[in-house]
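>>> Sharing a model that was predicted from the sequence below.
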Amino acid sequence: MKKIINNVEDIVPEMISGLVKTNSDLVRQIEGTTAVVRNDAKFSDNKQVGIVSGGGSGHEPLHAGYVGDGMLSAAVAGEVFTSPTPDQIYEAIKAVDQGKGVLLIVKNYSGDVMNFDMAKEMAEADDIEVQSIIVDDDIAVKNSEFTQGKRGVAGTALVEKIIGAAARSGMSLNDLKDLGQKVIDNTKTIGIALHAATVPAVGHPGFELKDDEIEYGIGIHNERGYAVEKIQPSKELAHELIEKILADFDDKSGNFAILVNGMGATPLMEQYIFANDVLNELVDKKIDVKFSKVGNLVTSLDMQGISLTIMKADSSWINYLKEPVTTIAW
Amino acid sequence: MKKIINNVEDIVPEMISGLVKTNSDLVRQIEGTTAVVRNDAKFSDNKQVGIVSGGGSGHEPLHAGYVGDGMLSAAVAGEVFTSPTPDQIYEAIKAVDQGKGVLLIVKNYSGDVMNFDMAKEMAEADDIEVQSIIVDDDIAVKNSEFTQGKRGVAGTALVEKIIGAAARSGMSLNDLKDLGQKVIDNTKTIGIALHAATVPAVGHPGFELKDDEIEYGIGIHNERGYAVEKIQPSKELAHELIEKILADFDDKSGNFAILVNGMGATPLMEQYIFANDVLNELVDKKIDVKFSKVGNLVTSLDMQGISLTIMKADSSWINYLKEPVTTIAW
Amino acid sequence: MKLELADAKKWIDLFIEELKENKSNLNELDTAIGDGDHGTNMDRGASAVVESFAKKDPENLTDLYKATAFAMIQKVGGASGPLYGTAFLDMSKAVKEENLELGELVQVGTDGIKRRGQSDVGMKTMIDVWQPVSDALKAESLNQSVIDEALSKVKGLVATKGRASYLEEKSKGHIDPGAQSSAYLFESLIKVIGE
Amino acid sequence: MKLELADAKKWIDLFIEELKENKSNLNELDTAIGDGDHGTNMDRGASAVVESFAKKDPENLTDLYKATAFAMIQKVGGASGPLYGTAFLDMSKAVKEENLELGELVQVGTDGIKRRGQSDVGMKTMIDVWQPVSDALKAESLNQSVIDEALSKVKGLVATKGRASYLEEKSKGHIDPGAQSSAYLFESLIKVIGE
Ligand SMILES: Nc1ncnc2c1ncn2[C@@H]1O[C@H](COP(=O)(O)OP(=O)(O)O)[C@@H](O)[C@H]1O
Ligand SMILES: Nc1ncnc2c1ncn2[C@@H]1O[C@H](COP(=O)(O)OP(=O)(O)O)[C@@H](O)[C@H]1O
Ligand SMILES: [Mg+2]
Ligand SMILES: [Mg+2]
Ligand SMILES: [Mg+2]
Ligand SMILES: [Mg+2]
């Protein structure tokens, strides 16, 4: 394993410290935590519902890169691939509450759900109104009684963008929760890996793929997917993922948004080629894409791969997605 | 080689097509070329000196990702690691000239210099005033009679940002050229690789490094550097690069800007850890850093590595660097 | 039977030791059907407990379980942090008024895990060790074979909670890492109270 | 001696063939001391020349060299596109008034490369083939050994222009890819005019 790090135990605090130092006009760190909070002037000017997200590290720029005007109020970073602890989340909630309540955006992993839940209980004891929404956009895992439920993956970035914009516009906590749930219900993602990620504390890739193999349906923590197959041209990959996702939408009319997301070690060049193939096929299929985004938005350390997110979107959501924000990484 | 592509020959046109399709509110493609031009409303509102850059592909988001209000007017993409041809550059110059002349920002490679030169001659024949500046920030190569001169690498993004902001503010062509040259003279970069890039047409990495080795002083086209050594903790890497760069600055007082640049396959996590170490050491050395930027700004396909750019900057440059822009990737 | 402070302290100390010794073993189990960090997580918690005890020696059972709970909650993260944390926090609350029978006490912890994890027996989690141990304690019949049997049962289950559940059928044949760390917990208990 | 249209056309056709055949060879040479694309670049240019001729058969020498130049300029990119392009463009301009002696003509091309590349002999570039060939043609003594000698000299040089120059001393012992493609150009010429 070759990584540009110091001690494995110091990865998260050092990363957060680097992020905060290089963006001190945008964010600050809550002392004694690895939580990052808005530090811009508009934060105190425009009182709004606080939006807090977080989770294990290794998915950068998610979530700290999305803290800023029009998106998140705070982000809490756990250890690599490990949910942050409730006390850190609790501190973030306290730091962003402006009397209008706080919405937690949580990816659907048992750790995240439980730790955010405990933090919610702690904040409620302080009379802060807290609600949460659970993002579970990964359709590679079927939501059934046999699993924890679908995972939260790249679609989280789109949820954070829409909810952040809506919160800025003054939407109430309860309406934000309802909106968030609707957005989540209409957001579907599926990902492929060409090469697994190497967790620093483990020191080797999470799984092995041959030089001509890819894995369909991977998660963002090196979770294996539903099939290992020979790599195909980008067009075919796009076709496979589009078919899988569209099969999950009953209604294919109306507006759509897409996200082509790089998993960390996949060059933008490949992401744009893939996006080109996706949009060509969606045009053929008469899917009306009103917003698209390409880039490393929700990564998995140094995983090589890509995910496709398709969202059936109200026109107001498209506007929320397009609104400018002041964040490090959107 | 596993890459998300279709035919190797179609990489650049498909990539540009993907980029333009997903950002049609910002940029458009000049028909019959792989040149990308501003398409935003402000472009025609605010008449200014046109800023055109370009070069071989494989360095995304450079240059097309920096087309927009406050940065480039157009970007011309060549084949992978190959300078674009003069006719394409010429079309871009024509498309952005608003009667105030056009400045070309060229990275110092013989191919780029010659092709941009020929394009300049073509445009001058049309009575368009054209000037050019040559970025050569890579101090791993010594500028002497024995080489082509120093290469243009990650510092290019900072030059494009400053020049783009100055052009937006109404600066004249000649003043922009002078400013550009001053900025370039004060911008110094050095890079390391953990793993070489794989050029799609070649199919294997440009060079091999052992599992515990890094190469100091690499270029952005898989050019090898000045030394292969055992990998060190991030702190030590930062120290090595800082010492090399600062030795090249006579005057260490005043304002500085830094760029920590990922080479394509290096996670943001590592870039922030490295940035943290860089800033810690610069504080110790009493270097006054007024602007810092971290991310994959000037990449080399799927190279794993990082580069550090340090710029001694006038306070007006710091402002230019901080000004908001409307681009895909800054 | 009831645990007094000294024995309860010994129990937690032994558990801490087991966790430190078996860090990589727990990571390996979690690599097979999870994300490879259960050993690292529990080790971080173990260190936090040691630190907490060093700072302030627990003066009563409530303190002891609460300090353990807080260390787990504040330092472990992941799924296991809130689960172990809730178990010990609920146990701490339960012994505030009066010292409970061991079987009752561990059942309180088990119920805490079920509530926090919205889970129950048979889902291939730590509960599949906690519940049979609770039952055995209530019947005053806890011994190593109760734990061994629980683990071998867990191995055969298909996971329906936690990360391992994404593997569905493929999770079969592996010991759940949280079940294994819980086995260490109750093996430590046996060392204190005897079989 | 002077080349008439038919022979000049044959020359370029043979060059095109050589480039197509030696694409990977040129890439390999460029991998050693450059960026590995000289074969791909020249091959793209060769295809463009073929296409241009197919579209419109050149009617005179000016047309022939100009079409070759434009194909190179518009399709090759990199360093070699403008260099070959300028050489042929300058040759095209030179034969507009009258057909030049071959030695004079190739010297015009060589000078074009020097001007465009701001370079000269001894810098380990294509010029180290073009210049000795120009000289030999002027002395009516061009043969294979002139080219072989030029290449072997190039091999020993340290590059001071082009990408290979970044390697400094390490560029020694390798044939410059542009020199090799130029060797194909003039070997094609020999096939037309004889030794
Ligand atoms: N909902 C749940 N209910 C009970 N136990 C659970 C639940 N989710 C996870 N676990 C337990 O937690 C263990 C995993 O802990 P750990 O690896 O530390 O956390 P994470 O899964 O977040 O990486 C599993 O082996 C399982 O025993
Ligand atoms: N300044 C120059 N003057 C003359 N020839 C040059 C110069 N720069 C490069 N060359 C020639 O160009 C060749 C490289 O061409 P090519 O690989 O196609 O372009 P690039 O270097 O842009 O990849 C070199 O081998 C050399 O012969
Ligand atoms: Mg985990
Ligand atoms: Mg090239
Ligand atoms: Mg785990
Ligand atoms: Mg080359």
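Cool, got the structure. Ligands and ions are numbered 1, 2, ... in the order given.
>>> Nearest to ligand 3: which residue in the stretch 151-300 of chain A?
Closest approach of the stretch 151-300 of chain A to ligand 3 (C-beta to the ion) occurs at A:H221, with a separation of 7.0 Å. C-betas here are computed from N, CA, C, even on glycine.
>>> Show me which residues of chain C sit near ligand 1.
Where chain C comes near ligand 1, counting by C-beta under 6 Å from any ligand atom, the residues are C:30, C:34-35, C:37-38, C:41, C:78-80, C:83, C:113, C:117, C:119, C:125-127, C:161-163, C:176-179.
>>> same for chain A: which of these are within range?
When C-beta under 8 Å from any C-beta of the partner chain is taken as the criterion, the members of the residues of chain C next to ligand 1 that contact chain A are C:D35, C:D37, C:N41, C:G78, C:A79, C:S80, C:L83, C:G117, C:K161, C:G162, C:R163.
>>> Where helices are concerned, which of those count?
Using DSSP state H, the members of those that fall in helices are C:N41, C:S80, C:L83, C:G117.
>>> would you list those residues in TSV and tack on pLDDT and neighbour count?
Output for these, formatted as TSV (pLDDT from 0 to 100; neighbours: other C-beta atoms under 10 Å in any protein chain shown):
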residue	pLDDT	neighbour count
C:N41	94	31
C:S80	96	29
C:L83	97	30
C:G117	95	22
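>>> Contacting chain D as well, which ones from those residues?
Restricting those to contacts with chain D (C-beta under 8 Å from any C-beta) yields no residues.
>>> ok, now which ones touch the residue lying closest to C:L167 once chain neighbours are set aside?
With C-beta to C-beta, 6 or more residues apart in numbering or on different chains as the measure, C:I33 is the residue that lies nearest to C:L167, at 5.8 Å, once sequence neighbours are left out. Counting by C-beta atoms under 8 Å, 6 or more residues apart in numbering or on different chains, C:I33 touches C:A159, C:R163, C:A164, C:L167, C:K170, C:S171, C:H174, C:D176, C:P177.
>>> What is the most widely separated pair among these?
C:K170 and C:P177 (15.4 Å; C-beta to C-beta).
>>> Looking at the two, which has the bigger crowd around it?
Regarding C:K170 and C:P177, a neighbour count based on other C-beta atoms under 10 Å in any protein chain shown identifies C:P177 as having more, with 32 against 14.
>>> now the more buried one: how far from B:E281?
C:P177 sits 40 Å away from B:E281, taking C-beta to C-beta, to the nearest Å as the criterion.
>>> Isn't C:L5 up against C:L61?
Yes - contact between C:L5 and C:L61 holds when scored by C-beta atoms under 8 Å: they sit 5.8 Å apart.
>>> Can you pick out the residue with more neighbours from those two?
Neighbours per residue, other C-beta under 10 Å: of C:L5 and C:L61, the larger number sits with C:L61, 23 against 15.
>>> so who does the more buried one touch?
When contacts are counted by C-beta under 8 Å, 6+ apart, C:L61 is found next to C:L3, C:L5, C:A8, C:S92, C:V95, C:N99.
>>> Recalculate using a threshold of 10 Å.
Residues counted as contacts of C:L61 (C-beta atoms under 10 Å, 6 or more residues apart in numbering or on different chains) are C:2-5, C:8-9, C:91-92, C:94-96, C:98-100, C:105.
>>> For A:K94, state which of these is nearest.
Taking C-beta to C-beta as the measure, A:K94 lies nearest C:S92 of these, at 24.1 Å.
>>> List the buried residues of the strand or helix carrying that closest one.
C:S92 is part of helix C:80-94 when elements are defined by DSSP states H and E. By neighbour count, and taking 16 or more other C-beta atoms under 10 Å in any protein chain shown as the criterion, the buried residues in helix C:80-94 are C:80-92, C:94.
>>> got it, and stretch A:276-292?
The neighbour-count check on stretch A:276-292 (16+ other C-beta under 10 Å) flags A:N276, A:D277, A:V278, A:L279, A:N280, A:E281, A:L282, A:I287, A:V289, A:K290, A:F291, A:S292 as buried.
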